[in-house]
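Student: predicted model, plus sequence, below.
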Amino acid sequence: MANERAYAAAHFALSLDNNEDCGVIRSIEGGGVKVDATTYRYGSGHETWKALGKPKFEAIKLQVGMALGQPFYTWISEFFTGKCVRKEGAIIAADFKYQERARRNFSNAIISEITLPALNAADKNAAYMGVSIVPEKIVFVKGGGRQLAPAKGMDQQKLWTCARFNMTIDQFPEACRRATKVDAATIKMNVIEHHIGGQLEPFKFGSRIDYPNLAFTVPEADFQPVADKMQAYWNNKQRPPNFSGTLQYLDNSLAVLGTLTFTGANIISIVPDRSDATTEELKMVKVELYTESMTMKFGAG
């Protein structure tokens, strides 16, 4: 009877390719199954018959930091390059004593979305990345009572905060050296479902990747080189060439945890902060730029 009691799943783990210990995950959402009901009617009668249709497996949404295993980050890096890499794995729920109580096994999962966290020099909280994976099939399995190892990587996760980052742009090296904010950005891969024959579950394939705009905030005192380039466009019709840049995620000792590289970028929006005679805050300018491509590398490399 003790094993059948309800439990609080405060401890959980992600398994990938038979690796049961992938590290610390802040939250797991989704991963449910829905089946459409098909309704049938015959002739002029009032009777209605219903039958089960094809199942739909929801995306699994994870909030992760920098404390997982290297294979997981390699999977993310490959997503940025457009590779549709499939993974087998499971979501494992454990009780307070770290005993496995339930698991959801998924197969042929691909990454469909990455959300980079918002950064703020005044925010000392931990930063987390959003990762959405789309499986072709999910199977609910009762836990076998296996003892899970306590979550590892808590010390590494505490090192990644929203306040530690470094942004550079090759054409404006001085403009971003004192950037105070970087807005969140989401990279999406379109997922195509292919239904075949009498198979209930569709095959899923990755398609085109949509790279987002990047928005950051800099002091107006450092902003003039950016303004000069853009004003040459609308005053003299001199279109500035596209540029590239990097956004480095740093730990508390300023060591590099990850590097986002963007190319084919150009500025599309310049918005100064509201001016108010009663405030003593620094005057800032928000800059937004489009990007054509992005890559992500984790670690100093």
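Tutor: That came in fine, so what should we check first? Keep in mind that this is a model prediction, so the values were computed, not measured.
Student: which element is Arg104 on?
Tutor: strand 100-116 (DSSP states H and E).
Student: flag every buried residue along that strand.
Tutor: Neighbour-count burial for strand 100-116 flags 100-107, 109-116 (criterion: 16 or more other CB atoms under 10 Å). All C-beta atoms are positioned from the backbone trio N, CA, C, and that covers glycine.
Student: and the furthest pair within those?
Tutor: Spatially, the most separated pair among those is Arg101 and Leu116, at 33.0 Å (CB to CB).
Student: ok, the nearest residue to Glu136 once chain neighbours are set aside - contacts?
Tutor: Using CB to CB, 6 or more residues apart in numbering and skipping the chain neighbours, the partner closest in space to Glu136 is Asn108 (4.0 Å). If a contact means CB atoms under 8 Å, 6 or more residues apart in numbering, then Asn108 has Arg86, Glu88, Pro135, Glu136, Lys137, Lys204 as its contacts.
Student: give me the element Leu254 is part of.
Tutor: Using DSSP H and E, no helix or strand contains Leu254.
Student: hang on, it packs against Arg164?
Tutor: Yes. Using CB atoms under 8 Å, Leu254 makes contact with Arg164 at a distance of 7.0 Å.
Student: just want the angle from the helix or strand Ala90 falls within to strand 100-116.
Tutor: Secondary structure from DSSP H and E places Ala90 in strand 87-94. For strand 87-94 against strand 100-116, the angle by axes from the mean of the first three to the mean of the last three CA atoms, to 10 degrees is 120 degrees.
Student: give me the distance from strand 87-94 to the chain's centre.
Tutor: 18 Å (CA atoms, centre = their mean, to the nearest Å).
Student: tell me where the stretch 151-300 of the chain has helices.
Tutor: 154-158, 224-236 (DSSP state H, counting those that start in this stretch).
Student: including mean neighbour count, could those go into JSON lines?
Tutor: As requested, the helices of the stretch 151-300 of the chain are arranged in JSON lines below (neighbours: other CB atoms under 10 Å):
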{"stretch": "helix 154-158", "mean neighbour count": "15"}
{"stretch": "helix 224-236", "mean neighbour count": "13"}
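Student: among the ones you listed, which is nearest Thr39?
Tutor: The nearest among those, by CB to CB, is helix 154-158 at 49.0 Å.
Student: which regions of the stretch 101-250 of the chain sit below the pLDDT cut-off?
Tutor: Scanning the stretch 101-250 of the chain for pLDDT under 70 picks out 149-158.
Student: okay, strands next: where are they in it?
Tutor: Remark: strands assigned in the stretch 101-250 of the chain by DSSP state E, counting those that start in this stretch are 119-120, 129-134, 137-142, 165-169, 181-182, 185-194, 203-210, 214-219, 243-250.
Student: would you mind putting those into TSV with distance to Ile25 and mean neighbour count alongside?
Tutor: Shown next, in TSV, are the strands of the stretch 101-250 of the chain (distance: least, CB to CB, whole Å; neighbours: other CB atoms under 10 Å):
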stretch	distance to Ile25	mean neighbour count
strand 119-120	21	20
strand 129-134	9	21
strand 137-142	17	14
strand 165-169	22	19
strand 181-182	24	20
strand 185-194	19	15
strand 203-210	23	14
strand 214-219	26	20
strand 243-250	18	19
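Student: Gly53: which of those strands is closest?
Tutor: Closest among the strands of the stretch 101-250 of the chain, using CB to CB: strand 185-194, at 14.0 Å.
Student: which strands and helices sit next to the closest one?
Tutor: helix 70-80, strand 100-116, strand 203-210 (3 or more CB pairs under 8 Å, 6 or more residues apart in numbering; DSSP states H and E).
Student: let's go with 7 Å and repeat that
Tutor: Applying 3 or more CB pairs under 7 Å, 6 or more residues apart in numbering; DSSP states H and E, we find strand 185-194 packed against strand 100-116, strand 203-210.
Student: strands paired with it, and their directions?
Tutor: strand 100-116 (antiparallel), strand 203-210 (antiparallel) (DSSP bridges).
Student: quick one: the residue nearest to Glu136 from Ala93, how far?
Tutor: 22 Å (CB to CB, to the nearest Å).
Student: likewise for Ile270?
Tutor: From Ile270 to Ala93 the distance is 48 Å (CB to CB).
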